[in-house]
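In: sharing a sequence plus its predicted fold:
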Amino acid sequence: MEFKGLESREDALSKVAPQASICLLISFPHLWSLRWSLTRDRRCELPLPEGSMGWPLVGETFQWLFQGSNFHISRRKRHGNVFKTHLLGKPLIRVTGAENIRKVLMGEHTLVCTQWPQSTRIILGPNTLVNSSGELHKRRRKVAGRTCVTVFSRRALESYLPRLQHLIRSEIAKWCAEPAAVDVYSATRSLTFRIAIGVLLGLRLDEERIIYLAQVFEQLMSNLFSLPVDIPLSGLHKGIKAREILHANMEKIIQEKLEQQNQEEHQDAFDYMLSTAKEQGQQISIQELKETAVELIFAAHSTTASAATSLVLQLLLHPEVVERVRLELEGHNLVLQLRWSGLTGLCYLDQVIRELRLLPPVSGGYRTALQTFELDGYQIPKGWSVMYSIRDTETAEIFQNPELFDPDRFDQDQLESRSSRFSYVPFGGGVRSCVGKELAQIILKTLSIELIGTCTWTLATENFPRMQTVPVVHPVNGLHVNFIALHDGEPQVTLRFEALVGAAL
Ligand code: HEM
């Protein structure tokens with residue numbers, strides 16, 4: 001009897017066990033979700049935003065990686081402008097909608113603060129803008145204008161222009177001389193690296209050294225987001241090594257610049273930084289200069305290459321837009337020869353660059369909530385990550401037919417061009433807005449002018465590539481294009497700074 005009893009208990013157990021594990025499996029996400037519901041700030045009556053926290057530990061990371069921008073679009077449709085999720089090991093609140101974005105961006109230092117991964121902070125170093133917050137950030141950005149204001153002032157940008165134009169022109173000439181198709185994303189990465197070191201930092205290096213440093217820089221970039229473990233072969237270790245090589249190369253140049261500091265004429269960002277510091281009786285250490293230099297390349301390089309690639313893609317897709325830019329350039333060229341003053345800039349080209357809205361390089365910005373605050377009727381609990389969205393203009397009500405590439409939507413007579421500046425923030429906003437915005441715009445305009453003035457281009461593949469959004473927007477497997485020079489002589493268009501800095505993006 002006893003034996004029989006045991007047998008039946010085992011039987012019963014073997015029947016119940018699978019059911020129990022299924023129940024447990026089903027309840028895991030609920031327990032996980034409950035765990036996060038419990039972290040809501042009880043002093044605030046508002047609910048947490050809608051949304052799913054996914055599976056324990058991994059959250060919705062895999063869906064996010066596989067679905068790309070559709071991840072956010074589908075969840076936004078389901079849960080609204082402010083929804084919660086769990087990505088890369090952290091609870092995250094994704095924010096869309098002009099008013100909500102305004103609150104996040106304008107709340108820097110009070111409601112939120114920028115949050116970069118630890119590996120990024122270690123690799124870039126403590127003396128950088130992206131890695132400083134609160135008072136230190138305010139001081140560093142403003143510090144008597146020593147880095148941002150002067151390096152990116154109108155006077156400074158104007159002085160960079162001749163070298164910028166020369167560099168872009170000679171790179172395009174190389175693209176035209178290529179017997180095979182050019183991979184535009186690789187080519188623009190090389191171009192923006194050259195701009196960063198040649199124009200911004202004024203480093204005069206031979207070709208071999210540029211190629212070497214570009215590789216070192218790629219190694220730094222690819223390890224910026226890695227586990228914060230500094231052991232041989234780890235991502236962080238490789239990133240630090242790359243940074244050391246870059247710093248060593250820059251140190252020599254900086255020393256030379258310090259010795260020639262009496263020169264009146266400024267030609268690059270280093271010159272502006274050093275002379276402004278001198279004027280204000282401040283000292284910038286060599287370490288600070290090296291870190292600033294690497295930070296500027298980091299911030300300028302991939303973002304501008306991404307935008308330049310998207311620009312070529314849109315020009316390929318829209319020959320009618322190319323024609324209108326060409327007409328605008330011809331008109332300006334004529335006026336330039338007759339009377340220069342009073343020109344208001346290349347408005348249509350401005351609109352074309354602005355309409356890169358469809359493919360903004362950066363998808364959004366990460367912040368951490370410094371205190372619990374209200375957003376769109378929900379509570380954002382202290383300590384949670386917040387990501388404001390840049391890439392969701394497809395769903396913004398202000399834009400008509402938002403899926404179309406239509407530069408005319410930004411014509412100054414159109415309502416869309418006068419929409420809230422927080423409806424579309426490709427360069428962020430508030431105290432953390434992009435310091436290189438005007439430089440990026442000038443690079444993109446110069447590239448358009450040089451392309452249209454010097455060559456024609458055709459897609460070398462049967463289909464247009466699929467675009468990937470992480471870490472910046474770029475074509476999967478590149479964008480392959482044949483460039484053909486229009487004429488052997490000098491290009492028709494003469495660049496003038498005033499025409500480039502017309503309307504703002
Ligand atoms: C098309 C090209 C570019 C795009 C789309 C872009 C976009 C952005 C965005 C969205 C931010 C704000 C990030 C946030 O809110 O957390 C930012 C910040 C920044 N950008 Fe750019 N950027 C571009 C080019 C450049 C260039 C050319 C430079 C420098 C030469 C630059 C330097 C910086 C720096 C230093 C910051 C950090 C500012 C701070 O934290 O105070 N960017 N950029």
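Out: Sure, I can see it.
In: what does the protein have sitting close to the ligand?
Out: 114, 129-130, 141, 200, 295-296, 299-300, 303-304, 307, 361-362, 365, 426-428, 432, 434-436, 439-440 (C-beta under 6 Å from any ligand atom). Every residue, glycine included, has its C-beta placed from N, CA and C.
In: from those residues, list the buried ones, please.
Out: By neighbour count, with 16 or more other C-beta atoms under 10 Å, the residues of the chain next to the ligand hold 114, 129, 141, 200, 295-296, 299-300, 303-304, 307, 361-362, 365, 426-428, 432, 434-436, 439-440 as buried.
In: where do the helices of the stretch 251-400 of the chain begin and end?
Out: Per DSSP state H, counting those that start in this stretch, the stretch 251-400 of the chain carries helices over the ranges 269-279, 286-317, 319-338, 347-354.
In: could you dump those into CSV and include mean pLDDT?
Out: Output for those, formatted as CSV (pLDDT from 0 to 100):
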stretch, mean pLDDT
helix 269-279, 72
helix 286-317, 93
helix 319-338, 74
helix 347-354, 93
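In: returning to that earlier point: of the residues of the chain next to the ligand, which belong to strands?
Out: Under the assignment DSSP state E, the residues of the chain next to the ligand contribute 114, 365 to strands.
In: for the ligand, give me its nearest residue in the stretch 51-200 of the chain.
Out: In the stretch 51-200 of the chain, no residue comes nearer to the ligand than residue 129, which is 4.2 Å away by C-beta to the nearest ligand atom.
In: quick one: pLDDT of that residue?
Out: Looking at residue 129, its pLDDT stands at 85.
In: so how far is residue 41 from it?
Out: 30 Å (C-beta to C-beta, to the nearest Å).
In: same check, this time on residue 242
Out: 41 Å.
In: so between those two, which is more surrounded?
Out: residue 242 (23 against 18; other C-beta atoms under 10 Å).
In: residue ranges of the helices in the stretch 101-250 of the chain, please?
Out: Using DSSP H, counting those that start in this stretch, helices in the stretch 101-250 of the chain cover 118-124, 134-142, 148-151, 154-177, 184-194, 207-222, 235-259.
In: mind exporting the C-alpha coordinates of the fifth one to CSV?
Out: What follows is the C-alpha trace of helix 184-194 in CSV, where atoms were taken according to Å, rounded to 0.1, in the frame of the first residue of the first chain:
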residue,chain,number,x,y,z
VAL,A,184,30.1,56.3,-50.1
TYR,A,185,29.8,55.5,-46.4
SER,A,186,33.5,54.5,-46.2
ALA,A,187,34.5,57.4,-48.4
THR,A,188,32.6,59.9,-46.3
ARG,A,189,34.1,58.4,-43.1
SER,A,190,37.5,58.9,-44.5
LEU,A,191,36.5,62.5,-45.6
THR,A,192,35.2,63.5,-42.2
PHE,A,193,38.2,62.1,-40.4
ARG,A,194,40.4,64.2,-42.7
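In: sorry, back to before: what values do phi and psi take at the residue of the stretch 51-200 of the chain closest to the ligand?
Out: Main-chain dihedrals, residue 129, degrees, to the nearest 10: phi -70, psi -50.
In: ok, it to residue 137 distance?
Out: 7 Å.
In: so where's the stretch 151-300 of the chain shaky on pLDDT?
Out: By pLDDT under 70, the weakly predicted segments of the stretch 151-300 of the chain are 260-266, 276-282.
In: what residues does stretch 212-223 touch?
Out: 119, 123, 189-190, 193, 197, 205, 235-236, 238-239, 241-243, 245-246, 249, 294, 297-298, 301-302 (C-beta atoms under 8 Å, 6 or more residues apart in numbering).
In: one step back: let me know which of the helices of the stretch 101-250 of the chain is the nearest to residue 97.
Out: Residue 97 lies closest to helix 134-142 among the helices of the stretch 101-250 of the chain, at 25.7 Å (C-beta to C-beta).
In: what average pLDDT does the closest one get?
Out: pLDDT averaged over helix 134-142 gives 72.
In: just checking, what packs against that helix?
Out: Helix 134-142 is packed against helix 148-151, with contacts defined by 3 or more C-beta pairs under 8 Å, 6 or more residues apart in numbering; DSSP states H and E.
In: domain ranges for the chain?
Out: 1-35, 129-501 (automatic domain parsing).
In: just name the most buried of those domains.
Out: Greatest average neighbour count among those goes to domain 129-501 (a mean of 17), per mean count of other C-beta atoms under 10 Å.
In: mind listing what the residue of the chain found nearest the ligand touches?
Out: At 2.1 Å from the ligand, residue 436 is the closest residue in the chain, using C-beta to the nearest ligand atom. Residues in contact with residue 436 (C-beta under 8 Å, 6+ apart) are 152, 296, 299, 300, 304.
In: ok, the second one - contacts?
Out: For residue 296, the set of contacting residues under the criterion of C-beta under 8 Å, 6+ apart consists of 196, 200, 201, 269, 436.
In: cool, the third one as well?
Out: Taking C-beta under 8 Å, 6+ apart as the definition of contact, the neighbours of residue 299 are 130, 434, 435, 436.
In: want to try a markdown table for those, with distance to residue 371 as columns?
Out: Below are the contacts of residue 299 laid out as a markdown table (distance: C-beta to C-beta, whole Å):
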| residue | distance to residue 371 |
| --- | --- |
| 130 | 22 |
| 434 | 26 |
| 435 | 27 |
| 436 | 31 |
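In: ok, so of those, who is nearest residue 161?
Out: The closest of the contacts of residue 299, once distances to residue 161 are taken by C-beta to C-beta, is residue 436, at 14.8 Å.
In: roughly how far apart are that closest one and residue 156?
Out: Taken as C-beta to C-beta, the span from residue 436 to residue 156 is 11 Å.
In: circling back: now the two most distant members of the contacts of residue 296.
Out: Most distant of the contacts of residue 296, by C-beta to C-beta, are 201 and 436, 12.9 Å apart.
In: now do the helices in the stretch 401-505 of the chain.
Out: 437-454, 497-500.
In: which of the ones you listed comes out lowest on mean pLDDT?
Out: Minimum mean pLDDT among those: helix 497-500, a mean of 59.
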